[in-house]
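Asker: coords please:
(one chain, ligands or ions: 1)
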Amino acid sequence: MKTSFLRKKLGILGGGQLGKMLINITRKWSIETYILDPNPDCPCSKCCDLYFKGDFNNYQDVYNFGKKVDIITIEIEHVNVEALYRLEKEGIEVFPSPSNIELIQNKGIQKDFFKKNKIPTSDYKRFGNKKSLSKYIFKTKSKYPFIWKSETMGYDGKGVKLVQSFSDLDEINESSCVMEEFVDIKHELAVLVARNKSGKSKSFPVLEMEFNQKSNQVEYVILPSRIPEKIKLKSLEIADLVSKSLNHVGLIAIELFCTRDGDVVVNEIAPRVHNSGHLTIESCVTCQFEQHIRAICDLPLGSVTQILPGVMVNLVGEINHNGKASYHNIYKAFDIEGVFPHIYGKKITKPYRKMGHITITDEKLDEAISKARILKNKIKIISTK
Ligand code: ADP
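Answerer: Below is the predicted model:
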C-alpha cells in the first residue's frame, strides 16, 4: 500500500489564503505542513504545523526552509528559483518544477513558450526596456490600442496597461515588457488542470471569470460557464496542450480569452491553485486544493464533476480604507441557504486587498448570480480604528 505520503513533510512558500485552503486539506489527512512567509500574521501562520518567518524571494531563506521538508510547493510564483533548483538537485521534491516556475515568472518567456508549442495566444513583441518600445512605436507607427505588460513581477493586473496613445507611455515603468495585440474579449475563462507524478491528468469544467474594470482583478467566477459547448471543448483542448507541453506535476490554471469571433487564446498560466477555482470547494466533488495535494503526493486524482452551479465573489478591501479590517454586513452571507463565506484572517485591509470570498451554490445558476450581486453590494471590507 502506498501510504508513504502520510509520513512526508510538506513545505509551502507563501502563507496567504491559497496556502490556508491547501492546509485545510493537509489537516484532513494529517500531512505535516510548514509555511515560509515574511509576515507572522499571515493567514497560514496559525493553522500550519510550523511557521517560519522568512522571505520566499531570498535564496538562503528558501534553501534553509526546503531542507526541513520532503516536498515543497508554492502558493505564489514570485519565489527564489535558484534555491529551488538546488533543493531539487539535493533530492527534495519540488512541485511545480523550478523550470516551470522560472518560465512563468517572465511574461515574455511565457509568450515565447506558447509560440514554440503552437499554443494559440495573441500576437506580441518583447522589448528590453521602455525606450526600445517607444522607438519601435515611433518607427513602425504602431496601431493603438495595444496592451503593455511588464515582463516580471506583475500580478492582479498591476503590471498591465491598455495603451491608447503615445502619451499613455508616461504611466508605464522602465522594465522589460511585452507589447500585446489588443484582444476583443467576449469572455474570460479559466481551465484548471491537475497532473500527478504518474502522469495522470484531469481538467475541471471551464470556469467563467468577470473582472473589475478598475482593479483588473477577478470579481466573480461562474460555473458552469455560459458559453457554447464548442468553446468549452476548444478551451479544454488548448488547456490539455498547455498541460502536456509543460509536463507539470500539481495543479495549473490556464487563463483564456474567448474573442467575439469565437476564437480561444491563452492569456497566461499560473502553476498553482488559483482564485478562479475557489468555488470548486462547494461546487465540485473534489476541490482544486485537494486535487493539488493529491497530484503532488502522487495519489489518484479525485472526481472533477460539478455537484451544483456556483458563483464566487471576491471580497476585497474598499478604496480609501487602510487599517484594521472589519467585515461590514458579513452576517448577511451566513443567513442565506447555499452561501459559504470564507474569511482569510488578514488583520489589515487595503484598497483591493483580497480579504475573503463567498461562494453561492444554487440549483439555478441565475439565482446564484443574482444572490452574488446582491451580497457583493452589501458586504464591505472597511477599516476601523
Ligand atoms: P495579471 O497577470 O496581472 O493578472 P493579465 O495578463 O491576466 O495580468 O491581465 C489582466 C487583465 O487585463 C486580463 O484579465 C484582461 O482583462 C486584460 N488583458 C490582458 N491582456 C489583454 C489583451 N491582450 N487584450 C485585451 N485585454 C487584455
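Asker: for the residue in the stretch 151-300 of the chain positioned nearest to the ligand, give me its contacts.
Answerer: As assessed by Cβ to the nearest ligand atom, the ligand sits closest to Val183 within the stretch 151-300 of the chain, at 3.7 Å. The C-beta positions use only the backbone N, C-alpha and C, and glycine is treated the same way. By Cβ atoms under 8 Å, 6 or more residues apart in numbering, the residues touching Val183 are Ser122, Ile147, Phe257, Thr259, Val265.
Asker: if we go to 6 Å?
Answerer: Ser122, Phe257, Thr259 (Cβ atoms under 6 Å, 6 or more residues apart in numbering).
Asker: and which of these is nearest to Gly317?
Answerer: Phe257 (27.4 Å; Cβ to Cβ).
Asker: report pLDDT for that closest one.
Answerer: pLDDT recorded at Phe257 is 98.
Asker: tell me the bridge partners for it.
Answerer: Glu188, Val265 (DSSP bridges).
Asker: hang on, it packs against Asp263?
Answerer: No: the pair Phe257 / Asp263 is not scored as a contact, 8.3 Å apart, by Cβ atoms under 6 Å.
Asker: out of the two, which sits in the more crowded spot?
Answerer: Phe257 (19 against 15; other Cβ atoms under 10 Å).
Asker: what ranges of the stretch 201-350 of the chain fall below the confidence cut-off?
Answerer: By pLDDT under 70, the stretch 201-350 of the chain contains no weakly predicted segment.
Asker: how about the strands of it, start to end?
Answerer: 201-203, 207-211, 218-223, 250-259, 264-270, 310-316, 323-328, 339-343, 348-349 (DSSP state E, counting those that start in this stretch).
Asker: if I pick Ile381, what's in contact with it?
Answerer: So Ile381 contacts Leu315, Gly317, Glu318, Ala325, Thr349, Met355 (Cβ under 6 Å, 6+ apart).
Asker: surely it is in a helix?
Answerer: No: Ile381: not assigned to a helix; according to DSSP: H, G, I helix; E, B strand; the rest coil it is strand.
Asker: beta partners of it?
Answerer: Gly317, Tyr327.
Asker: what about the closest residue to Lys202 other than its chain neighbours, distance to the ligand?
Answerer: Among residues not flanking Lys202 along the chain, Leu301 sits closest, at 4.7 Å (Cβ to Cβ, 6 or more residues apart in numbering). In this view, Leu301 and the ligand are 26 Å apart by Cβ to the nearest ligand atom, to the nearest Å.
Asker: and Leu301, how many residues sit next to it?
Answerer: Neighbour tally, Leu301, other Cβ under 10 Å: 19.
Asker: contacts only, for it.
Answerer: Ala194, Lys202, Arg294.
Asker: which residues touch the residue nearest the centre of the chain?
Answerer: Taking Cα atoms, centre = their mean, the centroid of the chain lies closest to His274, which sits 3.2 Å from it. By Cβ under 6 Å, 6+ apart, the contact list for His274 reads Ala253.
Asker: just Val178 next, same as before
Answerer: Lys107, Gly108, Tyr124, Arg126, Lys149.
Asker: any chance of those residues in JSON lines, plus secondary structure and distance to Tyr331?
Answerer: Listed next are these as JSON lines, based on DSSP: H, G, I helix; E, B strand; the rest coil; distance: Cβ to Cβ, whole Å:
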{"residue": "Lys107", "secondary structure": "helix", "distance to Tyr331": "41"}
{"residue": "Gly108", "secondary structure": "helix", "distance to Tyr331": "46"}
{"residue": "Tyr124", "secondary structure": "strand", "distance to Tyr331": "47"}
{"residue": "Arg126", "secondary structure": "strand", "distance to Tyr331": "50"}
{"residue": "Lys149", "secondary structure": "strand", "distance to Tyr331": "40"}
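Asker: among those, which one sits closest to Thr286?
Answerer: Lys107 (30.5 Å).
Asker: tell me how far that closest one lies from the ligand.
Answerer: 7 Å.
Asker: the ligand contacts on the stretch 201-350 of the chain?
Answerer: Phe211, Asn216, Glu255, Asn267, Glu268 (Cβ under 6 Å from any ligand atom).
Asker: ok, 5 Å please
Answerer: With Cβ under 5 Å from any ligand atom as the criterion, the stretch 201-350 of the chain meets the ligand at residues Asn216, Glu268.
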